[in-house]
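[1] Model the following, please.
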Amino acid sequence: MNAMNEIKIGRIYRHFKGDYYLVEALANDSETGEQVVIYRKLYGDGALWVRPLAMFLEEVDREKYPNVSQKYRFELQEIVSCAEH
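    Residues are numbered from 1 along each chain as shown. Predicted coordinates:
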């Protein structure tokens, strides 16, 4: 696991391709028992998505995406309040 292995529910993550997502919950696949992340895209229709936790936390494939600056597939974002809260 990496330094990001503790998923923060209710927090925003940036996908390495640039879009932002809100993590809604962690769940278990009913067939395999594998942990999955349930997350909502913060653009377009705001649809919910699910992805295996291990895949959510993995590093970007540098052979496939050599010019990406982000280390991990999804990275937690620190969003500062505009109202200074």
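
[2] List the residues that contact Arg62.
    Val68 (Cβ atoms under 8 Å, 6 or more residues apart in numbering). Every C-beta, even on glycine, is put in place using the N, C-alpha and C of the backbone.

[3] Report pLDDT for it.
    Looking at Arg62, its pLDDT reads 93.

[4] That one and Gln70, how far apart?
    Distance check for Arg62 against Gln70: by Cβ to Cβ, to the nearest Å, it reads 11 Å.

[5] Name the SS class of Lys8, please.
    coil (DSSP: H, G, I helix; E, B strand; the rest coil).

[6] Quick one: residues contacting it.
    Contacts of Lys8 by Cβ under 8 Å, 6+ apart are Val23, Leu76.

[7] do Tyr39 as well
    Tyr13, Tyr21, Leu22, Val23, Glu24, Leu48, Trp49, Val50, Arg51, Phe56.

[8] Please name the nearest non-neighbouring residue to the one residue sitting closest to the centre of the chain.
    With distances taken as Cα atoms, centre = their mean, the residue of the chain nearest its centroid is Phe74 (4.0 Å). The shortest distance from Phe74 to any non-neighbouring residue, by Cβ to Cβ, 6 or more residues apart in numbering, is to Tyr13 (4.2 Å).

[9] Am I right that that neighbour sits in a strand?
    Yes: the assignment for Tyr13 (three-state DSSP) places it in a strand.

[10] pretty sure it contacts Ile79?
    No: the criterion here is Cβ atoms under 8 Å, and Tyr13 misses it with Ile79 at 10.8 Å.

[11] Please identify which of these two sits among more neighbours.
    Tyr13 (22 against 9; other Cβ atoms under 10 Å).

[12] What's the separation between the more buried one and Asn28?
    Distance of Tyr13 to Asn28, given as Cβ to Cβ: 20 Å.

[13] got it, and Val60?
    Val60 is 26 Å from Asn28, by Cβ to Cβ.

[14] Cool, thanks, talk later.
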